[in-house]
Structures are given as structure tokens and as C-alpha cells.
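Enquirer: dropping a prediction and its sequence here:
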Number of protein chains: 2
Amino acid sequence: MKLTEAKQQFIASWGAFGTHWGINRTMAQVHALLMISAEPLSQDDIMEELSISRGNVNMNIRELIDWRLVDRVIIPGERKEYFTAEKDIWKVATQIVRERKKRELDPMLKLLDQLQDVEGDKKDKNVKQFTDTIGGIKRFGQQADKMLDVLIKADESWFVGSLMKFFK
Amino acid sequence: MKLTEAKQQFIASWGAFGTHWGINRTMAQVHALLMISAEPLSQDDIMEELSISRGNVNMNIRELIDWRLVDRVIIPGERKEYFTAEKDIWKVATQIVRERKKRELDPMLKLLDQLQDVEGDKKDKNVKQFTDTIGGIKRFGQQADKMLDVLIKADESWFVGSLMKFFK
DNA sequence: AGTATTTTTCAATAAGTTTTGAAAATTCAG
DNA sequence: CTGAATTTTCAAAACTTATTGAAAAATACT
């Protein structure tokens, strides 16, 4: 397979993949493009490679920077801004975990705390089912929370070395 | 907080939560409703509770059954079909992992295999960056794949007992 | 078999999200 | 300070996805 074709395939698939993960297709494509590019790219480069508008590039790059997956790069002597992506997939993954934990898991646990104490007869099966379900989700979420915290702080060699022995 | 209010809050939040995970809002809401219901519900019950149309309930229930998160229940003497959700959150989580692995991770790994061997000069930095990135993602994906396989087969007590020691 | 009830389908429509592109704002070199 | 290059904004348009509801199909009771 030719490089150009392989690149296109990867970008398209990474984009489709992203939509399953609550990430907008174009954002995932821009990220894919930057991950496989040896050199930083400008907004114009990205517009050209992906055939999308300037505004679209701008918005999605901003979002990627917000997620700390992409960095602005200044190239001396160049007027334009350039962009580059973190290429170590372990760092990419832990950064995504970090952000999603902050944006989704933490608020959910907060909410479950509040929902935990409904008024009413603990013997009523409707009340019981509700508090049992909420309680179960909460305990599970707290466990996941702890686990992710350690994962985020760990480095890859620990992950591959110690933890992976569990998963022979 | 009153039960009715707490229920509404939980259903709404679980729905919003779902959209971040590539799951349609209504599907997540139906799932939430069934998880906190002590008794199985009929299509009419769900229509009423969530104020959505019959067709909508039907489609989303079908999808949930497809994901094996919801079961049809026959109540003797009743003409209507009823539905109930798995309430053990550990089982729910492993089932979701199982399905998403099958639908997303496995196909992605297959694709990465194909993209691994691009023609061209291995010294070309563009070729090198591409194959390095793809290779890195593939290795990471394979590790995740193994880990998830063990997780799926494990039961909760193993998870909480042995594995959680790692995450003190 | 005939009929009433329930479930499923699906075309039309509504709602939501993403993209465009041109105008406004900003940046920077001379 | 001026003006060309570049970036940012955002309303309108395009596109995508979800929802409705009525008709068709399936089910099961008498």
C-alpha cells in the first residue's frame, strides 16, 4: 500500500472511530493527521490535506489544544502558527483518560451522592430498588475513579511491567 | 429529595452521560429507567414515563436487547410484553466492554495490521513517522485487548480483591 | 376463522450538530 | 502608524441523526 493511501485510510478510520467516543469526526481526523505528520502543520496545510474550511480547522484545533492533545509551535522566521500532536500513544491515552474523568466521571459521582438519600419508606420496593441501583453504580464508580487516578500517575513501563502480569 | 424527582434527575443525567459515550440519549434513558424499576415495564409504561412515542420506545428497546442489557419478560396472564434490565452494575459494565470491544477495538486492530506495511523508503521521515505511529497504536491496542479479555472473563470479586490491591 | 390487541416498520419531519465562508479582529514587519 | 498576512468569530446553510405516528404485520383470544 502507498503511503498516501494508507494515510487517507488511517485518517478516515480514526475519524469514524472518534464518533463512537463522543468526539467529533473532524477533530479526530485533524488529530490523526497531526499524529502521523513528521513536521508541524499550519492551518492551511490541514485545510488542504483534509479538504475542510478554515473556520472548521480553527475550531477543531482549538478544541484539541483544550484537550492538551495538540500544541502550538512557533517556527522561527515564519509568520504562520504551526501545530503538532503528542505522538506517544501512552501519553495520548492517559491525557484522554484524565480529561474525560474530570469532565464526566467526577460530576457523575457528585450527582450520585445527592441522589443517594431519597426520602421515604426504605421498605417500599421502589425506593429500595432505586437506592440499591444508585448505590451500586456509586461504589463501582468510586472504584473506577481510584483506579484511573493511579493509572494517570503511572508511567507506561509500570503499566506494561507490573500490571500486565495480571493479564498474562 | 422525593423519589419521583430523584428518578427524573437520574434518568436525565444518565441520558446526557450516554451521549458522551456514543450512545443515543433516549436509549440511555430507557436503560436508566429499567435499572431503577423494581418491576418489569411494558412499552406503554416506558412511553408514559419518558413521554416519548411508541416507535421510539420500540427501536431503543430493540437496540438494548441487541446489546444484551435488557431482556424480554413474559408475565403469565398478561397479553403485553414486559422488559427488565440487568441491575448488577458489574455485569452491565462487562457487557458494555464486551460489545464495544467487538464492535470497535477488534476492527481497528485489523485495520492497523493492514496499514503497517506501507511501501517506500524506510529512511523517509514521513514513512517512518507513519509506521512508528501506527505501530505504537497497534501495540497499545493489543495490550488493551488482552487486558479487556481477562476483565470480561473475570468476576467482580476477583477484580475488587486481587486487582484493586494494585490501586490501593 | 374472525377480531381485538399489541408490536413493528418506515416515510416524513423535527431536532441537533457540523461546516462554511466572509467579515471582523488581531498580529507583526517595515 | 500602515497595511498585508493571519487568525478568529459566528450567522446561515448543509448535513446527520432522532422522533413521530399512522399503517402494516404479527399475535393470541374466543
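Expert: Looks like it arrived, so ask away. Numbers count the residues shown, from 1 in each chain, chains lettered A, B, ... in the order given.
Enquirer: can you give me the strands in chain A?
Expert: Assigned by DSSP state E, the strands in chain A fall at A:41-42, A:70-73, A:82-85.
Enquirer: what's the last one packed up against?
Expert: For strand A:82-85, the helices and strands in contact under the criterion 3 or more CB pairs under 8 Å, 6 or more residues apart in numbering or on different chains; DSSP states H and E are helix A:25-35, strand A:41-42, strand A:70-73. No exception for glycine: its C-beta is placed from N, CA and C like everyone else's.
Enquirer: go again using 6 Å as the cut-off
Expert: strand A:70-73 (3 or more CB pairs under 6 Å, 6 or more residues apart in numbering or on different chains; DSSP states H and E).
Enquirer: just put the strands of chain A in CSV and tack on mean pLDDT and distance to B:Ser13.
Expert: Output for the strands of chain A, formatted as CSV (pLDDT from 0 to 100; distance: least, CB to CB, whole Å):
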stretch, mean pLDDT, distance to B:Ser13
strand A:41-42, 97, 39
strand A:70-73, 96, 30
strand A:82-85, 98, 32
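Enquirer: near DNA strand C, which residues of chain A?
Expert: Counting by CB under 7 Å from any atom of the strand, the positions of chain A adjacent to DNA strand C are A:Asn24, A:Arg25, A:Thr26, A:Ser51, A:Ile52, A:Ser53, A:Arg54, A:Gly55, A:Asn56, A:Met59, A:Asn60, A:Arg79.
Enquirer: counting neighbours, what do you get for A:Asp121?
Expert: 10 (other CB atoms under 10 Å in any protein chain shown).
Enquirer: where does the prediction get shaky in chain A?
Expert: Low-confidence segments of chain A, defined by pLDDT under 70: A:167-168.
Enquirer: just the closest residue of it to DNA strand C, please.
Expert: With CB to the nearest atom of the strand, the shortest gap between chain A and DNA strand C falls at A:Gly55, namely 1.9 Å.
Enquirer: returning to that earlier point: just flag the most distant two among the residues of chain A next to DNA strand C.
Expert: Across those, no pair lies farther apart than A:Arg25 and A:Arg79, at 30.3 Å, counting by CB to CB.
Enquirer: neighbour count winner among those two?
Expert: Higher neighbour count among A:Arg25 and A:Arg79: A:Arg25, with 15 against 6, using other CB under 10 Å.
Enquirer: what residues are up against that one?
Expert: A:Gly15, A:Thr19 (CB atoms under 6 Å, 6 or more residues apart in numbering or on different chains).
Enquirer: can you rerun that using 10 Å?
Expert: A:Ala12, A:Trp14, A:Gly15, A:Ala16, A:Phe17, A:Gly18, A:Thr19, A:Asn60 (CB atoms under 10 Å, 6 or more residues apart in numbering or on different chains).
Enquirer: near the fourth one, how many other residues are there?
Expert: Counted with other CB under 10 Å, the burial measure for A:Ala16 works out to 15 neighbours.
Enquirer: can you count the residues close to the residue of chain A closest to DNA strand C?
Expert: Burial of A:Gly55 is recorded as 10 neighbouring residues (other CB under 10 Å).
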